[in-house]
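> Prediction below, plus the sequence it came from.
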Amino acid sequence: MRLLALMISVLMSLIAISLPVQAAPKSQDMEQRLEQMKSRFDYLRNRNAKAELGPRPFYLVSDMDASELKEKLQSCERKTNRRTKFSIGHRGAPMQFPEHTKESYEAAAKMGAGIVECDVTFTKDRELVCRHAQCDLHTTTNILETSLAQSCSVPPEFDSEGNLVNAADIKCCTSDITLAEFKTLKGKMDAANKSATSIAEYMNATADWRTDLYSARGTLMTHKESIQLINSLGADFTPELKSPEVEMPYEGEFTQEDYAQQMINEYVEAGIKPNRVWPQSFNYDDVVYWVNNAPEFGEQAVFLDGMYDVNVSLAEMESWVADGVKVLAPPMWMLLDVSGNGDIVPSQYAINAKTAGLELITWTLERSGLLKDNGGWYYQSVNGDLGGQDVIDNEGDMMEVLHVLAQDVGVIGVFSDWPATTTYYANCMGIK
């Protein structure tokens, strides 16, 4: 690898020396190619990097009930773990790091995430940036502490005594500010106290199962910057085109199709191979657009199922396949059920999807409070919330859920807020 690095360095130097000074456009093209070459080298150097897991996966395995699966997972405790595409960093690693920040992406990659997500939206000047929603700046950044607060769609309001009076209504969007203004902000843990009477109280609301220990600096990123960073870390990409919260066409001319194409164009410009990109959207028309207009990227386009209807028929899923959709991504609970004897099993929805020929990805592991306290929305089909049997009662059950998703449902990837867990499981089970 050192020899390869030396060869590339020498080649880049020779090319740079030979560039004609007067040919500015050609020089710019060459500089772009040189940057792509360096980016490609960084990817090749880091794609098989050793994963740094920390104690959490071992804690979860230790907490499992006695079983053959527990014994298997315990047998891998001394195994060297490597990056795996089964492990997908959901907004990075937001269990502990502010989501969609440089620090969160770096943490996800270090924990072995082979794919890292940038949720994509746009600014007032139509630049693409990484945020979970177009209008979440008030909960995921420090915008309310800055002068940009007054640029918000619904800025904070105060009474004559200085008390915040509209905490429940504040709304700050990327489309309210320019890219340059966006880059002045700092990411924080996603949270807000909607009954607060001060900005400090509004912002200081992080859930108790997360932490603020790593939120001292949260470096916000453009989509282009995320491509460069994630590539340099040796991971692949799953950008999600977020639904605009402004009227489209934006300013009368920026259409949904323009938006969908702009996201793809930034991978093309960066020299990223299409087979390293899984573009996602909850908007079915976006997925079909990529299939028809950017087919190399559409080959892995992911339809995020936000209908939450477990009764979707096989015939409807087959119609998606006929439209060119190949990858489906519902939340975990939609893929799971509980059998009469209390075993976690694939749901009929999961069976239909596989019968239709769809690949499956699911979300989101470790985006809940403690499983001993029910586990919440992501586990609703196995924790009794839908009226079925409750088979979730300790943190180790997370590994049981992951095992059924991988081995019985047959998912090809799992989003996690703490990718070390999915990385450990995949490495132990030999999943690349």
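Perfect, I can see it now. Numbers count the residues shown, from 1 in each chain.
> nearest spatial neighbour of residue 128, skipping sequence neighbours?
In space, residue 128 comes closest to residue 223 once its chain neighbours are excluded; the distance is 3.8 Å by CB to CB, 6 or more residues apart in numbering. Yep, even glycine has a C-beta here, placed from its N, CA and C like the rest.
> wait, doesn't that neighbour sit right on residue 266?
Yes: assessed by CB atoms under 8 Å, residue 223 is found in contact with residue 266 at 5.7 Å.
> Quickly list what's touching both of these two.
residue 128 (CB atoms under 8 Å, 6 or more residues apart in numbering).
> Would you agree residue 163 is in contact with residue 199?
No: the criterion here is CB under 8 Å, and residue 163 misses it with residue 199 at 10.6 Å.
> Please name the bridge partners of the closest residue to residue 116 other than its chain neighbours.
Among residues not flanking residue 116 along the chain, residue 89 sits closest, at 4.1 Å (CB to CB, 6+ apart). Taking DSSP bridges as the rule, residue 89 bridges to residue 116, residue 416.
> ok, residue 89 - contacts?
Residue 89 neighbours (CB under 8 Å, 6+ apart): 104-105, 108-109, 111, 113, 115-117, 235, 415-416, 419.
> Equivalent analysis for residue 389, please.
338, 342.
> before we move on, could you check phi and psi at it?
phi -80, psi 140 (degrees, to the nearest 10).
> Please report the distance of it from residue 151.
50 Å (CB to CB, to the nearest Å).
> Below-threshold pLDDT in the protein: ranges please.
Scanning the chain with the threshold set as pLDDT under 70 gives 1-26.
> who's in contact with the closest residue to residue 198 other than its chain neighbours?
Residue nearest to residue 198 in three dimensions, not counting chain neighbours: residue 164, with 5.5 Å by CB to CB, 6+ apart. The contact partners of residue 164, taken as CB under 8 Å, 6+ apart, are 156, 157, 158, 196, 197, 198, 199, 201, 202.
> circling back: neighbour count winner among residue 163 and residue 199?
residue 199 (17 against 12; other CB atoms under 10 Å).
> Against residue 135, how distant is that one?
Taking CB to CB, one finds residue 199 at 18 Å from residue 135.
> Pull the most distant pair out of the contacts of residue 164.
157 and 201 (15.0 Å; CB to CB).
> can you tell me which residues contact the residue nearest to residue 128?
So residue 223 contacts 118, 120, 128, 129, 130, 239, 263, 266 (CB under 8 Å, 6+ apart).
> repeat that for 10 Å
118-122, 127-130, 237, 239, 262-263, 266-267, 270 (CB atoms under 10 Å, 6 or more residues apart in numbering).
> Filter these down to just the ones in helices.
Using DSSP state H, the subset of these located in helices is 262, 263, 266, 267.
> My guess is the first one contacts residue 121. True?
Think residue 262. No: here residue 262 lies out of contact with residue 121, judged by CB atoms under 10 Å, at a distance of 11.4 Å.
> joint contacts of the two?
Common neighbours of residue 262 and residue 121 (CB under 10 Å, 6+ apart) are 128, 223, 241.
> Pretty sure residue 174 sits against residue 127.
Yes: with contact defined as CB under 10 Å, residue 174 counts as touching residue 127 (8.9 Å).
> I figured residue 192 hits residue 156, correct?
No: if you go by CB under 10 Å, residue 192 and residue 156 don't touch, sitting 11.3 Å apart.
> Give the residues shared as contacts by these two.
Common neighbours of residue 192 and residue 156 (CB under 10 Å, 6+ apart) are 138, 144, 167, 170, 202.
> Of those, just say which sits nearest to residue 287.
Lowest distance from residue 287 to the shared contacts of residue 192 and residue 156 (CB to CB) belongs to residue 138, with 29.5 Å.
> Sticking with that closest one, tell me its helix or strand.
helix 137-140 (DSSP states H and E).
> if we can go back for a sec, any idea which of the contacts of residue 89 is the one closest to residue 275?
residue 115 (12.0 Å).
> and residue 382, how many neighbours does it have?
The burial count for residue 382: 27, using other CB under 10 Å.
> Surely it touches residue 346?
No: the pair residue 382 / residue 346 is not scored as a contact, 11.8 Å apart, by CB under 10 Å.
> list residues touching both of these two?
Contact criterion CB under 10 Å, 6+ apart; residues shared by residue 382 and residue 346: 336, 337, 404.
> partner strands of the strand or helix carrying the second one, parallel or antiparallel?
Which is residue 337. Assigned by DSSP H and E, residue 337 falls within strand 336-338. Here strand 336-338 is paired, per DSSP bridges, with strand 344-346 (antiparallel).
> picking up where we left off before, quick one, which of residue 262 and residue 121 is more surrounded?
Neighbour count, other CB under 10 Å: between residue 262 and residue 121, residue 121 has more, with 27 against 17.
> List the beta-bridge partners for the more buried one.
If you apply DSSP bridges, the partners that residue 121 bridges to are residue 129.
> wait, what's in contact with it?
128-136, 173-175, 223, 240-246, 259, 263.
> Secondary structure of residue 328: a strand, I assume?
Yes: assigned with DSSP: H, G, I helix; E, B strand; the rest coil, residue 328 falls within a strand.
> wait, it sits on residue 359?
Yes: the pair residue 328 / residue 359 is scored as a contact, 7.2 Å apart, by CB under 10 Å.
> Those two: which is more packed in?
residue 328 (26 against 17).
> Ignoring the adjacent residues along the chain, who's closest to the more buried one?
Residue 328's closest residue in space is residue 358 (CB to CB, 6+ apart), at 4.5 Å.
> what about that neighbour, distance to residue 181?
41 Å.
> Same question for residue 39.
According to CB to CB, residue 39 and residue 181 sit 28 Å apart.
> now residue 194
Counting by CB to CB, the gap from residue 194 to residue 181 is 25 Å.
> When those two are compared, which one has more neighbours?
The neighbour count for residue 194 versus residue 181, taken as other CB under 10 Å, is higher for residue 181 (18 against 12).
> can you map out the helices along the stretch 251-400 of the chain?
256-269, 284-293, 295-298, 314-322, 348-356, 397-403 (DSSP state H, counting those that start in this stretch).
> Sort out which residues of the fifth one are buried, please.
It stands for helix 348-356. 349, 350, 352, 353, 354, 356 (16 or more other CB atoms under 10 Å).
> Walk me through the domains of the chain.
56-118+221-429, 135-219 (automatic domain parsing).
> could I get these as JSON lines with distance to residue 28?
Shown next, in JSON lines, are the domains of the chain (distance: least, CB to CB, whole Å):
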{"stretch": "domain 56-118+221-429", "distance to residue 28": "12"}
{"stretch": "domain 135-219", "distance to residue 28": "21"}
